[in-house]
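K.L.:
3D, please:
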Amino acid sequence: MNFNTEEVKVNAQLKGNEIHTVTFDGIEAADYKDGEFQVMKIKFSNENGTFTHTVFPLRDGDDKDTEGMYGKQPSNLIAMMTLLRHLGNAVSPQLVTLCNNKEVLNNLTWPQFRKKVIEAVADGVGKETKIKLLSRTRTDSNTGETVSEATFPSYFVSYTRDGRLYMRTSFIGNGIYFSDKELTRIKNSEKKPTSVSKENDILEDSSSTSDFDLDI
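P.N.:
Below is the predicted model:
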């Protein structure tokens with residue numbers, strides 16, 4: 001028997017604390033736990049590796065703003081729609097059109113919404129853009145070990161003092177850069193790794209889905 005086989009290469013993940021020039025590979029539907037978690041995976045890649053941002057289904061209450069330490073915080077629904085518009089502005093005009101279509105988005109179920117989003121971004125697949133990734137550490141639920149992973153910036157949408165929504169940072173598209181605050185965070189993280197709690201995740205895992213008016 002000839003044991004001379006080719007090496008199977010591991011698909012590397014793009015590093016955090018860097019800005020990468022990437023190709024947009026589309027949005028993939030993935031279901032876990034017999035369909036209990038119906039997620040959308042936003043995918044990018046280049047010659048150095050891949051990056052996937054997972055959007056979990058909304059749950060009851062995710063269309064409501066919350067009160068935080070620094071005042072009113074936008075709902076998970078607003079954060080998700082802001083993310084999709086941000087992606088659309090970079091690579092997919094059809095996704096922007098969908099996100100702004102009040103009649104189509106009114107009272108969709110999550111599976112219906114996910115299907116429309118995936119269909120809309122077909123015009124952007126294969127386009128080149130840039131993404132800004134930060135590093136964070138978390139505890140692996142299986143091994144208990146601390147692992148580092150790349151992620152989009154958290155808390156990227158906020159309210160001004162007079163109640164207007166605005167994006168605090170851009171992370172998809174040409175012309176993106178690290179803010180002074182982000183550069184300070186990167187510098188500090190290189191000295192001593194710090195963990196990021198779940199409350200820093202704008203879109204958390206969810207065990208239940210609901211119907212929402214996605215017109216925001």
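K.L.:
just give the nearest non-adjacent residue to the most centrally placed residue in the chain, would you?
P.N.:
Against the mean C-alpha coordinate of the chain, by CA atoms, centre = their mean, the closest residue is His53 at 4.2 Å. Spatial nearest neighbour of His53, chain neighbours left out: Ile42 (4.5 Å); criterion: CB to CB, 6 or more residues apart in numbering. Using the backbone N, CA and C atoms, a C-beta is placed for each residue, glycine as well.
K.L.:
list the buried residues for stretch 160-172?
P.N.:
Neighbour counts using 16 or more other CB atoms under 10 Å place Thr169, Ser170, Phe171, Ile172 of stretch 160-172 among the buried residues.
K.L.:
for the protein, what spans make up the helices?
P.N.:
Along the chain, the segments classed as helices by DSSP state H run 76-91, 93-99, 102-105, 110-120, 180-191.
K.L.:
for Lys130, find the nearest of those helices.
P.N.:
Taking CB to CB, helix 76-91 is the member of the helices of the chain nearest to Lys130, at 8.2 Å.
K.L.:
the closest one packs against which elements?
P.N.:
The elements that helix 76-91 packs onto, with contact taken as 3 or more CB pairs under 8 Å, 6 or more residues apart in numbering; DSSP states H and E, are strand 18-32, helix 93-99, strand 157-159, strand 165-167.
K.L.:
go ahead and name everything in contact with the third one.
P.N.:
Spelled out, that is strand 157-159. Gly71, Lys72, Gln73, Pro74, Ile78, Ala79, Thr82, Leu165, Tyr166, Met167, Arg168 (CB atoms under 8 Å, 6 or more residues apart in numbering).
K.L.:
what's the lowest-pLDDT member of the residues you listed?
P.N.:
Lowest pLDDT within the contacts of strand 157-159 is found at Gly71 (87).
K.L.:
what bridges to the nearest residue to it once chain neighbours are set aside?
P.N.:
Spatially, and ignoring its direct neighbours in sequence, Gly71 is nearest to Tyr159 (7.0 Å; CB to CB, 6+ apart). Beta bridges link Tyr159 to Leu165 when assigned by DSSP bridges.
K.L.:
I'd like to know how many residues surround Tyr159.
P.N.:
Counted with other CB atoms under 10 Å, the neighbours of Tyr159 add up to 16.
K.L.:
what do you get for Arg114?
P.N.:
Arg114 is flanked by 18 other residues according to other CB under 10 Å.
K.L.:
show the pLDDT at it.
P.N.:
Confidence score, pLDDT, at Arg114: 97.
K.L.:
and for Gly88?
P.N.:
98.
K.L.:
how near is it to Gly61?
P.N.:
26 Å (CB to CB, to the nearest Å).
K.L.:
ok, those two, which is more surrounded?
P.N.:
In this view Gly88 and Gly61 are compared by other CB under 10 Å, and Gly88 has more residues nearby, 23 against 11.
K.L.:
roughly how far does the more buried one sit from Thr129?
P.N.:
Where Thr129 is concerned, Gly88 sits at a distance of 11 Å (CB to CB).
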